[in-house]
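coordinates only, sequence not included:
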């Protein structure tokens, strides 16, 4: 893959003087991942592999209906299976955890269903056994009876509040803008976020052209290859959790709250994750295994088979109604956005998705009058949460399709239309926050240049037609959040880093070690990054939303700087002249008379932030940094079958200055590949609330043959002024624009506009046939 | 998976003794890849499986003097894939293998297993039907032979009795027949097909004779399309003929809806893919002295998919 | 309960035996009885390749392969590749090209690439894509894997020539 700014891998420096002195800058090195050898030899640690002495396996029994009251759960046949240790239901959980409801935004999700079930697949009981096959066999014998209630699946229907998912809203109290919902009844709306800037109605009335469109996205999921897995080991006054979690600090806080314990009696250990993508955040199986271990008084492991992952957490489906007014010069003067997020049966982080992404719904465009309403809705579907982009890829699908539709209707080139309307460096976002270090224009021009946009394009012949499209987008990082790090310099000069960022494949351990190495002038390879363990590693808000490199990067940098400064003051204290050749180990030796002691540096980072004004959502500082990306796509459409082949996908991102260029490039290509699946074919199919394709055999994800022939991942020259070494997050940025760029290319090729994902062959053929006035008839 | 008993007989006769004509929870097992999926999903909970893997006589490939092939039912698909005799005598099978499921499944799944399973999404059954293959079946009361095209009774259903075992596959000599299999996936490129189309025919210049056209995956079982065959039979190949054959196929096939596409969509796919499959067979295996190829049309998928 | 039986096989070159039930998969046996964790169950359907094992020289999906079938066979796992603490050229290439992110699917890919190169020492892109189509990487490291396969092929040819 060609790359505009990424450097070839320099060979790693030799570990000079037992790895204690760097031979060059550490930031900017394309260093292979620190744990690379463990991963290629199969020896990397995952929770998936862990077994504890005396451990029981739990097999979850799930609701078969979407909404109803539980009349009875009969576990007698299951208990009679030889080898079954116990069968646990909601009433058993209440005995050890009196208020067993959890969630980051709302305390709405029970550990096991109590009284009611709210979606097909909701856990209602667990069979415990030493042999997982026994637990599995017995689980099929648990019989539940329900009184069925009407269910609501669609977000627009849910917004009508005719069928109610929950009787009463239970905000967690952590977020200020949710507090007013406490105790509210008669609604499915878990958040109604508003942004108001200018006067959209007046501007629509004055506009030369007004366009209004509606877009939808489907339900998809993370499908990390290490399915959800957690182990709890309850020892009376101590609890240890081993879990595949992206947020060990949150897990500790939430489990401690459920138990009414101080944080320091709960220990959360997280080895490497076999993928996360936002799925392994907040509480997934951790509260369940905690309750099970308390009940069984033995360690308990719950490890979901892939099919059950489909009932755990997904991405938000969404309906987006967007209306824009355009003046006679092709300038957008007003935009109204109404976004309905299908959050499923439990809020999880959905209300934050509705707000923190909702406020970017008007896009990277400089529009005088903006109105945004973003609704988080409960439905009787499996819960939705964060997935690589926190809602932004869904929004961009809508607003960048809308942009092209307007450009085509106005007979303005889509690139030119964007040029007239983008917010340029230093301009303000709709919230009023300046768009600083956000290379919107640069990214757009880079895409245009690399796509040879001004040159003629081969449109194909016969049944196969070719087209091209582009899209551009921004996202804000969720704010304000906090990270803490500790750097420990040992008596021999070797260095250990303690930070709670979870390495789930994004390479954070390596990047953080590079930051330590840069400050302390040691090779990054020599830094020991301690696996996450809340007894040892300090607080971090979570590995999510592309925040780690920026927030934890700052904390790590500050911790390393404090250690460096303490080393310098120790040298001064020992009377050593500046620039003397003493090694760090010599300082300790001199100070303590032997190899002894530590120097500990700590760093905390929380960015500045100004809360948005209630009602208008306006604020001068909504985010510490912006993510920006653009995509150019070329497609071939088979007009006889509707098959779309993406022949070229050009991903261009502003990632500031890459700390590790090679890992950044793989983040870009990985994010784009994932979004390609969400764009072209990934979809959870439902029948009355029941997922009908809950397996990798029927829910397909991209494989080798789905990769575009030309797949280019590039960055623009950029520097995030307030970022650590000019860097910023890169995990999500390449997901934003893939869907609309391809949708726009399809329109360009065959003149049909799809407004709902995925862009699968049948959808394309149906649109083509509808356009030809010979629609595909359903028998 | 829930517990079961496993029998591993060394002879066909012993294997038959372990089967039970009245018990649907007792089944023979070849490579097990397909059955294991059903067992893991809990849709099949056997009490006894009768593994045929140790019956050595069932895993040979024999080239017959008349140009035909006999393939033991327990032959792994990868052995068939790598057989030079199969490549020479029935090349379409080897071409089909390249995108049939994946290497690991082909290493374990057996030729008999993929027939006995009765899954309409499998790639080989329609190909074998197009080649007019037959199977030898052993039962307690003796042996019988059966055309593959008569094997399937419905969705995951065959005409085999519970105490019968497929022992070998016979592929008759193909002579100068041309054949193609096209697989159409609608999700990721590698998926179970939404539609499979296998064709074979004799061609004398541009004239087609003895055509066999088979649809799979989009219908409840792999099915010969007699209407399309009738259109092709004795006709001269040109664009209009191919279109008529596609239309005939679309008219007669009963396509079904699932997550891979609606019934009407699959009917449209069939219309296109029959045309493309005949064209591909005609062109790809065209003798050196035949007329020039027809104008290129839509992107042909020698697409693959999960097994 | 079904009776246990003893199977004997070679595991990474060593003669071993295990007590198994008929419904145990070979994957469960290598993980639970021999603590070899490089092969993992992910999709559980033989589609993702995370559970790849080599039986008598052929790659199989360990999650779909009954342990009973391994009686008398030679079984190899990813852990056989660096027995002397020396990485296989495929592993070296994966590290150099950064051909993985979370690493969960990586051992399966490494084993499949080794098989591919045994069969096709100089594969082109189509061959690589076809051969590896049964291995999925949710992190999407496909471009890097493609490069690693080619790099590993070069390494192997160079070491053969030397």
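Structure received. Bear in mind the structure is a predicted one, so any value in this text is a computation, not a measurement.

Local confidence estimate at residue B:298?
Here the pLDDT value assigned to residue B:298 is 38.

Enumerate the residues of the stretch 151-300 of chain B near chain C.
Where the stretch 151-300 of chain B comes near chain C, counting by C-beta under 8 Å from any C-beta of the partner chain, the residues are B:189, B:190. All C-beta spots, glycine's among them, are computed from the backbone N, C-alpha and C.

got any ranges where the stretch 151-300 of chain B has weak pLDDT?
Along the stretch 151-300 of chain B, segments meeting pLDDT under 70 span B:285-300.

hey, where'd the helices end up in it?
Along the stretch 151-300 of chain B, counting by DSSP state H, counting those that start in this stretch, helices occupy B:226-232, B:239-252, B:263-284.

And those: which comes nearest residue A:182?
Closest approach to residue A:182 among these (C-beta to C-beta): helix B:263-284, 48.5 Å.

returning to what we had before: check the helices of the stretch 151-300 of chain B for me and report the most buried one.
Neighbour counts (mean count of other C-beta atoms under 10 Å in any protein chain shown) averaged over each of the helices of the stretch 151-300 of chain B peak at helix B:263-284, with a mean of 24.

Counting by contacts, list what that one packs against.
For helix B:263-284, the packing partners by 3 or more C-beta pairs under 8 Å, 6 or more residues apart in numbering or on different chains; DSSP states H and E come out as helix A:761-771, strand B:178-184, strand B:195-204, strand B:207-216, helix B:239-252.

so how far is that helix from its chain's centroid?
Relative to its parent chain, helix B:263-284 has a centroid offset of 17 Å by C-alpha atoms, centre = their mean, to the nearest Å.

Tell me who's in contact with the closest residue to residue B:222 other than its chain neighbours.
Leaving aside its sequence neighbours, residue B:222 sits nearest to residue B:216 (C-beta to C-beta, 6 or more residues apart in numbering or on different chains; 4.0 Å). Residues in contact with residue B:216 (C-beta atoms under 8 Å, 6 or more residues apart in numbering or on different chains) are B:120-123, B:125-126, B:193, B:195-198, B:222-223.

I'd like the residues you listed as a markdown table, with neighbour count appended.
Formatted as a markdown table, the contacts of residue B:216 follow (neighbours: other C-beta atoms under 10 Å in any protein chain shown):
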| residue | neighbour count |
| --- | --- |
| B:120 | 25 |
| B:121 | 24 |
| B:122 | 27 |
| B:123 | 28 |
| B:125 | 28 |
| B:126 | 31 |
| B:193 | 29 |
| B:195 | 31 |
| B:196 | 32 |
| B:197 | 33 |
| B:198 | 29 |
| B:222 | 29 |
| B:223 | 20 |
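
thinking again about what came up before, for the helices and strands packed on helix B:263-284, give me CSV that also has distance to residue A:305.
Shown next, in CSV, are those (distance: least, C-beta to C-beta, whole Å):
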stretch, distance to residue A:305
helix A:761-771, 29
strand B:178-184, 28
strand B:195-204, 29
strand B:207-216, 29
helix B:239-252, 39
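
Of all the ones you listed, which one comes closest to residue A:263?
Across the helices and strands packed on helix B:263-284, closest to residue A:263 is helix A:761-771 (C-beta to C-beta), at 49.4 Å.

Other residues contacting stretch B:219-231?
By C-beta under 8 Å, 6+ apart, the residues outside stretch B:219-231 that reach it are B:118, B:120, B:122, B:125-126, B:129, B:149, B:152-155, B:157, B:196, B:211-216, B:241, B:244-246, B:248-249, B:251-256, B:274.

again, but for stretch B:120-127
By C-beta under 8 Å, 6+ apart, stretch B:120-127 touches B:77, B:92-93, B:96, B:99-101, B:111, B:114-115, B:148, B:151-152, B:155-156, B:179, B:181, B:183, B:192-193, B:196-198, B:214-217, B:219-222, B:305-307.

which of those residues count as buried?
Among those, those classed as buried by 16 or more other C-beta atoms under 10 Å in any protein chain shown are B:77, B:92-93, B:96, B:99-101, B:111, B:114-115, B:148, B:151-152, B:156, B:179, B:181, B:183, B:192-193, B:196-198, B:214-217, B:219, B:221-222, B:305-307.
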